[in-house]
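> sequence first, then the predicted structure, then my questions.
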Amino acid sequence: MSVTTGRAAPSGAAGESSRINATWQEVAADGGLAAPAHHDLALDHTQLRSLYRLMALSRRVDRQAINLTRQGALGVFASSQGQEAAQVGAVFALDDEDWLFPSYRDSVATFARGVDIVEVLALFQGSWHCGFDPYRYRVAPQTTPVATQALHATGLAMAARMRGDPIVALTLFGEGAASEGDAHEAMNMAGVYQAPVVFLVQNNQYAISVPVSRQTRTESIALRAPGCGMPGVRVDGNDVLSVYGAVRAAVDRARAGGGPTLVEAVTYRLEAHTTADDETRYRNADEVATWRANDPVQRFAQTLRDLGVLDDALTAEVEAEGEELAARMRDSLFGAPAGDPREMFEHVYATPTPALNEQRALLDGELSAEGDA
Ligand SMILES: Cc1ncc(C[n+]2csc(CCOP(=O)(O)OP(=O)(O)O)c2C)c(N)n1
């Protein structure tokens, strides 16, 4: 069985290319959003097919993760459905040596970076630690405390600049996380030190039940960029080519020493906040239906069909790969050995503190009492 991820291209002739148009809005000198500007992208048909494959597989593995959660193989899952263009498009703009700093929402970004989906889902199985090797993939563990990953990204980017390493850090967070002090601190420090970091805010309209109108009185999160001394960009987060183009321009600028960029990708979370949430309590079916009609995976498939890049054979090939992947997820995640709760004390400090030792002893006591019972 061969399931590959990352940028591997499905079959088809290489070398052809089409004129690809991307659109985004820059924050203008007066602090408002400029009119949408068009940009030609340098992506050939092989790259477009790779991007399609990642988008379609992302949707498939996300659906399977929800199913597996309902069947008890995962404890909880935070879906990326509706946000594939934002996540996959942004990750596609990175080079191999760059780093990704994702949150719990960004499982398909992590998958698109090349991490095995079974390893990605260790987080949702309840593992205390990251299921993959961050150094191998240059992907930091997915964080649950919102916005903390933005600080980690700025820190890595500052260190890279000091060392003269030509690498870029991309961090993904939500519009709710954008209200956190950590996000402001990370963006301000990155601006002051001209750190090579790209902040991608996925504005999916809700922070659990809180709508974006309660996060900002302005028309765009991107408008915060000038206050941190960096360019700001607003892009249609359901248009994978525009997300790719906007993030790639930011990555190129960062690598060339031009400092950080804040990109707001306007999108929508199609599923509940997590499998533990009932989204019908705070948003209505008409709104969801409107965004479903703007599905990023279907939209991209249509664009590629219009360009003559996607045909029935490629659709079937990717569908078959998706089924193979879904079957492997089921086989690997069911019956996975239960973790040892004592694992949470590992790798916290080289020398555990007295407080941690005390807590560990308490847990040992509880576990042996359970064993006796
Ligand atoms: C520091 C911190 N505060 C509160 C929470 C609880 N919490 C979990 S998800 C969430 C909403 C985050 O919304 P957003 O940043 O928009 O991201 P989304 O989940 O929509 O992708 C909150 C408040 C948390 N995980 N971490």
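Thanks, I have the structure now.

> ok, the residue in the stretch 51-200 of the chain that the ligand sits nearest to - contacts?
Proximity of the stretch 51-200 of the chain to the ligand (Cβ to the nearest ligand atom) peaks at residue 174, 2.3 Å away. (C-beta placed from N, C-alpha, C; glycine too.) By Cβ atoms under 8 Å, 6 or more residues apart in numbering, the residues touching residue 174 are 103, 105, 146, 201, 202, 203, 204, 207.

> from residue 265, how far out is it?
From residue 174 across to residue 265, the span is 10 Å (Cβ to Cβ, to the nearest Å).

> any residues in contact with both of these two?
In contact with both residue 174 and residue 265: 201, 202, 203, using Cβ under 8 Å, 6+ apart.

> which phi and psi does the second one have?
Listed backbone geometry of residue 202 is phi -90, psi 100, with angles given as degrees, to the nearest 10.

> show the average pLDDT along stretch 179-193.
Across stretch 179-193, the average pLDDT comes to 98.

> what parts of the stretch 151-300 of the chain come near the ligand?
Taking Cβ under 6 Å from any ligand atom as the contact definition, the stretch 151-300 of the chain meets the ligand at 173, 174, 175, 176, 177, 204, 206, 207, 208, 269, 273.

> now with 8 Å?
Residues of the stretch 151-300 of the chain lying near the ligand by Cβ under 8 Å from any ligand atom: 173-180, 182, 202-204, 206-208, 210, 212, 215, 269, 273.

> and the residues you listed, which are buried?
Buried members of these, scored by 16 or more other Cβ atoms under 10 Å, are 173-180, 182, 202-204, 206-207, 212, 215, 269, 273.

> thought residue 24 was touching residue 248?
No - Residue 24 is beyond contact range of residue 248, at 10.9 Å (criterion: Cβ atoms under 8 Å).

> so for these two, which sits in the more crowded spot?
Shown here are residue 24 and residue 248; by other Cβ atoms under 10 Å, residue 24 has more neighbours (25 against 21).

> what about the helices in the stretch 1-150 of the chain?
45-70, 84-92, 107-112, 117-120, 122-125, 134-137, 148-163 (DSSP state H, counting those that start in this stretch).

> out of those helices, which one sits most buried?
Comparing the helices of the stretch 1-150 of the chain by mean neighbour count (mean count of other Cβ atoms under 10 Å), helix 84-92 comes out on top with a mean of 30.

> quick one: contacts of that one?
The contact list for helix 84-92, computed with Cβ under 8 Å, 6+ apart, reads 7, 50-51, 54-55, 58-59, 62, 80, 100, 106, 108-109, 112-113, 170, 172, 198, 200, 202, 237-244, 247, 263, 265, 267, 296-297, 299-300.

> make it 7 Å
51, 54-55, 58-59, 80, 100, 106, 108-109, 112-113, 170, 172, 200, 202, 237-240, 243-244, 247, 265, 267, 296-297, 300 (Cβ atoms under 7 Å, 6 or more residues apart in numbering).

> distance of residue 32 from the ligand?
23 Å (Cβ to the nearest ligand atom, to the nearest Å).

> just the pLDDT for that residue.
Confidence score, pLDDT, at residue 32: 96.

> how many residues are close by it?
That count, for residue 32 with other Cβ under 10 Å as the rule, works out to 12.

> which residue is the nearest non-sequential neighbour of it?
Of all residues not flanking residue 32 in the chain, residue 223 sits nearest, at 7.4 Å (Cβ to Cβ, 6 or more residues apart in numbering).

> in a strand, the one you found, correct?
No - counting by DSSP: H, G, I helix; E, B strand; the rest coil, residue 223 falls outside a strand, being helix.

> dump the residue contacts of it.
27, 31, 232.

> okay, now the second one: neighbour count?
Using other Cβ under 10 Å, residue 31 has 12 neighbouring residues.

> can you tell me how far the spatially closest residue to residue 166 that is not a sequence neighbour sits from residue 170?
The spatially closest residue to residue 166, leaving aside those adjacent along the chain, is residue 255, at 5.7 Å (Cβ to Cβ, 6+ apart). Distance of residue 255 to residue 170, given as Cβ to Cβ: 12 Å.

> those two: which is more packed in?
residue 170 (28 against 16).

> tell me the pLDDT of the residue nearest to that one when sequence neighbours are not counted.
Counting by Cβ to Cβ, 6+ apart, residue 170 lies nearest to residue 198, which is 4.7 Å off, once chain neighbours are set aside. You'll see residue 198 listed with a pLDDT of 99.
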